[in-house]
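Colleague: Fold the following.
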Amino acid sequence: MYFYLITLISAISDLTSKIFMKSFLLNEEKISLIWDILSLKLVKNTGIAFSLPIEWLALKIITVLIIALIVFYYFKYEKKTKVNQIAFGLIVGWALWNWIERIFNSVVIDFINLKYFAIFNFADIFINIWVIILIINYLSLCKKKEK
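Modeller: A predicted model of the protein is given here:
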């Protein structure tokens, strides 16, 4: 239950944040939030993470394969705890929306600019939250097994 709800929420929040930013940030405008370190700037990302270049069709195929592998792994091997449902829901929602965005627009909208690092969006934040949740969850499971 949580898996489907979180998948939907993460996809919708990513979509709405991008719709809002497209209407809010116009003409290559940059809005500083914390001095010049953190700002908002609309960028159309045609590549993968951190705008690394990759062939258009290959990217779409890779994205579908990654989504399929994550969903397969989740349903085949993972215990359906609340933590796992939330963590996997975040990543699947992000991946699905990015895939849909690439299918229809051939780009992914990024808008959070962290100076000296990258420009990213909420979906990128979701994947990092997913990784952190899973690491903490697996470490706590390992500790329980040791006892």
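
Colleague: helix or strand for the most centrally placed residue in the chain, which one?
Modeller: Centre of the chain computed as the mean C-alpha position; nearest residue by C-alpha atoms, centre = their mean is Ala123, 2.7 Å away. In the assignment (DSSP states H and E), Ala123 maps to helix 122-146.

Colleague: Give me the neighbour count for Leu134.
Modeller: By other C-beta atoms under 10 Å, 17 other residues sit near Leu134. C-betas here are computed from N, CA, C, even on glycine.

Colleague: and what of Gly89?
Modeller: 23.

Colleague: what do you get for Ile133?
Modeller: Ile133 has 17 nearby residues by other C-beta under 10 Å.

Colleague: next one: Ser106
Modeller: Around Ser106 there are 12 residues (other C-beta under 10 Å).

Colleague: helices and strands around the lowest-mean-pLDDT helix or strand in the chain, which ones?
Modeller: Least confident helix or strand, the chain: helix 122-146 with a mean of 82, by mean pLDDT, DSSP states H and E. Here helix 122-146 touches helix 2-24, helix 82-105, strand 108-114, going by 3 or more C-beta pairs under 8 Å, 6 or more residues apart in numbering; DSSP states H and E.

Colleague: right, and those - which one's nearest Glu146?
Modeller: helix 82-105 (19.0 Å; C-beta to C-beta).

Colleague: Tell me which other helices or strands that closest one touches.
Modeller: In terms of contacts (3+ C-beta pairs under 8 Å, 6+ apart), helix 82-105 is packed against helix 2-24, helix 56-77, strand 108-114, helix 122-146.

Colleague: Run through who's touching it.
Modeller: With C-beta atoms under 8 Å, 6 or more residues apart in numbering as the test, helix 82-105 has contacts from 1-11, 14-15, 18, 59-60, 63-64, 66-67, 70-71, 74, 78, 107-109, 123-124, 126-127, 129-130, 133-134, 137.

Colleague: Just the buried subset of these, please.
Modeller: 2-3, 6-7, 9-11, 14-15, 18, 59, 63, 67, 71, 74, 108-109, 123-124, 126-127, 129-130, 133-134, 137 (16 or more other C-beta atoms under 10 Å).
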